[in-house]
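Trainee: Next comes the sequence, and after it the predicted model I'd like to discuss.
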Amino acid sequence: MTLNSDNRQFVLILHGFDETENWTTWTKMTEPLYNRGLYSVILVDLPGFGRSSGRDLNQASWKRHAPEIVVAILSSFHIRKPVNVIATCGGSATTVRTINRYPLWFRDRNLVFTNSVIGDFGESKVGDFENILTQFNIHIVVHWFPDQDHTHHCVAYKRWNKLRQSGFRHLQLIDFDSVKQTSQRVYPEVKVSNIGRCASKDKATVYQLSDEYIQQIINTLSQS
């Protein structure tokens, strides 16, 4: 993979929290994205999630330094142009906070969130986030797979749904049926035990992405 290919766009892939504290779910995305000749793919293991120090630092590092961490990662690859993003759960929250502080990194790009539990959008006042999306022509597609942790009562879901109802054109919320569509597009999931880096009872969840779902995400990114 050559990160500095002249005409390729960059796709930053961010993992979530707890059982989705790993980027392995999205590894199946890398080859089809790269083979299109349009993208260079960066899969990130965010600092603080590996617990190499023996402590669980993920929440602290995310809440305090998420935007700076993301920008530091991009800068380390000498990237000088806006990036697309594929993010899960807390990775989506990390992206939202980065957009609010450093929107130029995402100008004219498409972002894909799979669930997005976000309590603090990192904005000065409610509505700043939507204004930034409009001003910098950033488009987000949110795929929502309801489960025990990702319900319609989530703060982020309520906000996305309100924007959908208002016709806001920079964010699209897509609900997936937890029985029919989820099983077709993402499941079956693989649960891996005895993973010390995962906080949720030492278990990691890896979704086996279907070819159909991968193509849907690629189509979304290609709209830029």
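Mentor: Nice, I can see it.

Trainee: Specify the beta-bridge partners of the residue nearest the centre of the chain.
Mentor: In the chain, the centroid-proximal residue (C-alpha atoms, centre = their mean) is A87; its distance is 1.1 Å. For A87, the beta-bridge partners are L14, F113 (DSSP bridges).

Trainee: Please verify my assumption that it contacts L14.
Mentor: Yes: the pair A87 and L14 qualifies as a contact (C-beta atoms under 8 Å) at a distance of 4.2 Å. All C-beta atoms are positioned from the backbone trio N, CA, C, and that covers glycine.

Trainee: what's the overlap in contacts for these two?
Mentor: T94, T95 (C-beta atoms under 8 Å, 6 or more residues apart in numbering).

Trainee: in what helix or strand does S183 lie?
Mentor: helix 181-185 (DSSP states H and E).

Trainee: Tell me where the protein has helices.
Mentor: 27-35, 58-76, 90-101, 128-135, 155-166, 181-185, 211-221 (DSSP state H).

Trainee: Same list, the ones you listed, but as TSV with distance to I174 please.
Mentor: Output for the helices of the chain, formatted as TSV (distance: least, C-beta to C-beta, whole Å):
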stretch	distance to I174
helix 27-35	17
helix 58-76	24
helix 90-101	14
helix 128-135	17
helix 155-166	9
helix 181-185	9
helix 211-221	9
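
Trainee: lowest-confidence stretch among these?
Mentor: When the helices of the chain are compared on average pLDDT, helix 181-185 comes out lowest at a mean of 73.

Trainee: Name the residues of it that are buried.
Mentor: Within helix 181-185, the residues that qualify as buried are Q181, T182, R185, counting by 16 or more other C-beta atoms under 10 Å.

Trainee: pretty sure the last one is in contact with I174, am I right?
Mentor: By that I understand R185. No: using C-beta under 8 Å, R185 is not in contact with I174; the gap is 10.6 Å.

Trainee: ok, now how distant is L171 from H139?
Mentor: Using C-beta to C-beta, to the nearest Å, one obtains 7 Å as the distance from L171 to H139.

Trainee: list the residues that contact both of the two?
Mentor: Joint contacts of L171 and H139 (C-beta under 8 Å, 6+ apart) are L133.

Trainee: so how far is stretch 109-117 off the chain centroid?
Mentor: With C-alpha atoms, centre = their mean, to the nearest Å as the basis, stretch 109-117 stands 5 Å off its chain's centre.

Trainee: got the end-to-end distance for that stretch?
Mentor: In stretch 109-117, first residue to last residue: 22 Å (C-alpha to C-alpha, to the nearest Å).

Trainee: what residues does it touch?
Mentor: By C-beta under 8 Å, 6+ apart, stretch 109-117 touches 9, 16-17, 82-90, 92-93, 95-96, 138-145, 149-150, 154-157, 160, 217, 220-221, 223-224.

Trainee: Just the buried ones among these, please.
Mentor: Looks like those have 9, 16-17, 82-90, 92-93, 95-96, 138-145, 150, 154, 156-157, 160, 217, 220-221 buried, using 16+ other C-beta under 10 Å.

Trainee: re earlier: keeping just the C-alphas, turn the helix holding S183 into CSV.
Mentor: C-alpha atoms of helix 181-185 as CSV (Å, rounded to 0.1, in the frame of the first residue of the first chain):
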residue,chain,number,x,y,z
GLN,A,181,-31.1,-6.9,7.2
THR,A,182,-28.5,-7.1,9.9
SER,A,183,-28.2,-10.8,9.5
GLN,A,184,-27.9,-10.4,5.7
ARG,A,185,-25.4,-7.6,5.6
